[in-house]
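# Build me a model:
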Amino acid sequence: MIQIRKSATRGHANHGWLDSMHTFSFAGYHDPRYMGFGPLRVINEDTVSGGQGFGTHSHSDMEIVSYVLDGALEHKDSMGTGSVLRHGDVQRMSAGTGVSHSEFNHSADEPVHFLQIWLFPDRQGIAPSYQEANFTPASKRGQLRLIVSPDGAEGSLSIHQDARIFASLLDGNDRLQHTLAPGRGAYVQVARGQLHVNGVPLDAGDAAQLTDEVQLILENGRDAEVLVFDLPL
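The predicted structure is shown next:
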């Protein structure tokens, strides 16, 4: 079964400095139909104005992944980590027993556009930790590049959950196929462009949720950038 979530049906919050689209219930947006998918709890598509950002705040017992699409995202946290991330950079922060952090637009005048992703960990009370890595366009073009996994396979970021996240750039005749094991589902989030997911056309911001499917097929991409989540259900 495939369930489509069109971009325009997502929750929307505009705070002036922040324009955010919520795939799942978040903050002031609540819809009991969209509370997550397996351990995947949040996908927010955030655009932050120049010089603005999220001031220091705290999290616990959550795996937080940021995927930068455009601009520069400046990260600081209570573990002493500081970094500026750009397109192709991905960060993973395990909040564990508790961590404070801030995320700001590093540019004074250009917006930063990124996906903020939260997943529940497979256990509580772990020590907080941080990782980041760059995944080049060449490593994602025409293939599913593993960027997050439970064991850090293939140079991916490691996460405390039996979940895998792949990133891909598709165009033209690219056709990708991914097999889903029994008891697992897939969530496909289109970050840019257009493509077909199991024959269904999707545009930027759209998503597809797959359950009780054996194969995930991505094809007919037009300047598409997409994230694929392989999740336990």
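
# Pull the contacting residues for the residue nearest to residue 22 when sequence neighbours are not counted.
Leaving out its chain neighbours, the residue that sits closest to residue 22 by Cβ to Cβ, 6 or more residues apart in numbering is residue 11, at 3.5 Å. For glycine as for every other residue, the C-beta is placed from the backbone atoms N, C-alpha and C. Residues near residue 11 by Cβ atoms under 8 Å, 6 or more residues apart in numbering: 21-23, 25-26, 29, 31, 34.

# could the residues you listed go into a markdown table alongside neighbour count and pLDDT?
What follows is the contacts of residue 11, written out as a markdown table (neighbours: other Cβ atoms under 10 Å; pLDDT from 0 to 100):
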| residue | neighbour count | pLDDT |
| --- | --- | --- |
| 21 | 21 | 98 |
| 22 | 22 | 98 |
| 23 | 27 | 98 |
| 25 | 17 | 98 |
| 26 | 21 | 97 |
| 29 | 17 | 97 |
| 31 | 13 | 97 |
| 34 | 18 | 97 |
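
# Would you reformat those as CSV and include secondary structure and distance to residue 91?
Conversion of the contacts of residue 11 to CSV gives the following (DSSP: H, G, I helix; E, B strand; the rest coil; distance: Cβ to Cβ, whole Å):
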residue, secondary structure, distance to residue 91
21, strand, 20
22, strand, 20
23, coil, 19
25, coil, 24
26, strand, 19
29, strand, 24
31, coil, 28
34, coil, 25
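
# List just the nearest of the residues you listed to residue 80.
residue 26 (28.3 Å; Cβ to Cβ).

# Quick check: nearest residue in space to the closest one, chain neighbours excluded?
residue 42 (5.8 Å).

# quick one: pLDDT of the one you found?
On pLDDT, residue 42 comes in at 98.

# partner residues bridging it?
residue 118 (DSSP bridges).

# what about it, distance to residue 106?
23 Å (Cβ to Cβ, to the nearest Å).

# one step back: against residue 43, how distant is the residue nearest to residue 22?
11 Å.

# where do the contact lists of these two overlap?
22-23.

# OK, contacts around residue 51?
Contacts of residue 51 (Cβ under 8 Å, 6+ apart): 104-105, 107-109.

# For these, pick the one with the most neighbours.
residue 105 (25 neighbours; other Cβ atoms under 10 Å).

# So that residue is in contact with residue 54, correct?
No: taking contacts as Cβ atoms under 8 Å, residue 105 lies outside contact range of residue 54: 9.9 Å.

# Common neighbours of these two, please.
Joint contacts of residue 105 and residue 54 (Cβ under 8 Å, 6+ apart) are residue 48.

# Which parts of the biggest strand by length in the chain count as buried, going by neighbours?
Assignment by DSSP state E gives strand 215-232 as the longest strand of the chain. Neighbour-count burial for strand 215-232, counted by 16 or more other Cβ atoms under 10 Å, picks out 216, 218-221, 224-231.

# Can you name every helix or strand that it contacts?
With contacts taken as 3 or more Cβ pairs under 8 Å, 6 or more residues apart in numbering; DSSP states H and E, strand 215-232 sits against strand 164-170, strand 175-179, strand 184-197.

# Direction included, what does the longest one pair against?
Sheet partners assigned to strand 184-197 using DSSP bridges are listed as strand 200-203 (antiparallel), strand 207-210 (antiparallel), strand 215-232 (antiparallel).
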